[in-house]
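Q: Next comes the sequence, and after it the predicted model I'd like to discuss.
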Amino acid sequence: MDLDDRAQFPLRRFLGMDIEDGEPGHAVARVEVSPDLLNPNGVVHGGVLFTMVDTAMGKATLSVLDEGQLCASVEVQLRFLRPVAGGQLEAAAQVVKPGRKIVHLEARIHDGAGTLVATGTGTFVVISTTPG
């Protein structure tokens, strides 16, 4: 399985999540809220926001790694600021400190009106796929 195949994981397809990267160390995940993404209280399930942040952080991390390196989340924290019941969500992640073995990131999620709805921080480990 190559990296392009990995980028199309089933949860991403279910959420309808688009992911784009810009300059190295940055990535954005977008989701259009549907009724399937709401919790019993009628607002977006926290797991949707978490998945957006985790995925954007992974993409941002990959953009600063060397060929033959992958990454995995070690720790992600999310602070929910306000509920969202519909519209579009955008999670923007950026690398704060790239390291040889650990990468630190921040993320912000905004709704379609530009209102900040959550913030996050994360730590990703760098994994070498080549021996040595």
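A: That came through, no problem.
Q: and the residue nearest to A91 when sequence neighbours are not counted, what does it touch?
A: Nearest non-adjacent residue to A91, counting by C-beta to C-beta, 6 or more residues apart in numbering: M52, 3.9 Å away. In this view, the C-beta of every residue, glycine as well, is placed from N, C-alpha and C. Counting by C-beta atoms under 8 Å, 6 or more residues apart in numbering, M52 touches L15, M17, A29, V31, L89, A91, I109.
Q: Please identify which helix or strand holds M52.
A: helix 46-62 (DSSP states H and E).
Q: quick one: buried residues of that helix?
A: The neighbour-count check on helix 46-62 (16 or more other C-beta atoms under 10 Å) flags 48-62 as buried.
Q: CA-only coordinates of that helix in PDB, if you can.
A: C-alpha atoms of helix 46-62 as PDB (Å, rounded to 0.1, in the frame of the first residue of the first chain):
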ATOM      1  CA  GLY A  46     -16.200  15.300  19.600                       C
ATOM      2  CA  GLY A  47     -14.600  12.300  17.800                       C
ATOM      3  CA  VAL A  48     -15.200  14.100  14.500                       C
ATOM      4  CA  LEU A  49     -13.200  17.100  15.600                       C
ATOM      5  CA  PHE A  50     -10.500  14.900  17.100                       C
ATOM      6  CA  THR A  51     -10.200  12.900  13.800                       C
ATOM      7  CA  MET A  52      -9.900  16.100  11.800                       C
ATOM      8  CA  VAL A  53      -7.100  17.500  14.100                       C
ATOM      9  CA  ASP A  54      -5.300  14.200  14.200                       C
ATOM     10  CA  THR A  55      -5.400  13.800  10.500                       C
ATOM     11  CA  ALA A  56      -4.300  17.400   9.700                       C
ATOM     12  CA  MET A  57      -1.500  17.100  12.200                       C
ATOM     13  CA  GLY A  58      -0.300  13.800  10.600                       C
ATOM     14  CA  LYS A  59      -0.400  15.400   7.100                       C
ATOM     15  CA  ALA A  60       1.500  18.500   8.400                       C
ATOM     16  CA  THR A  61       4.100  16.300  10.000                       C
ATOM     17  CA  LEU A  62       4.600  14.200   6.900                       C
END
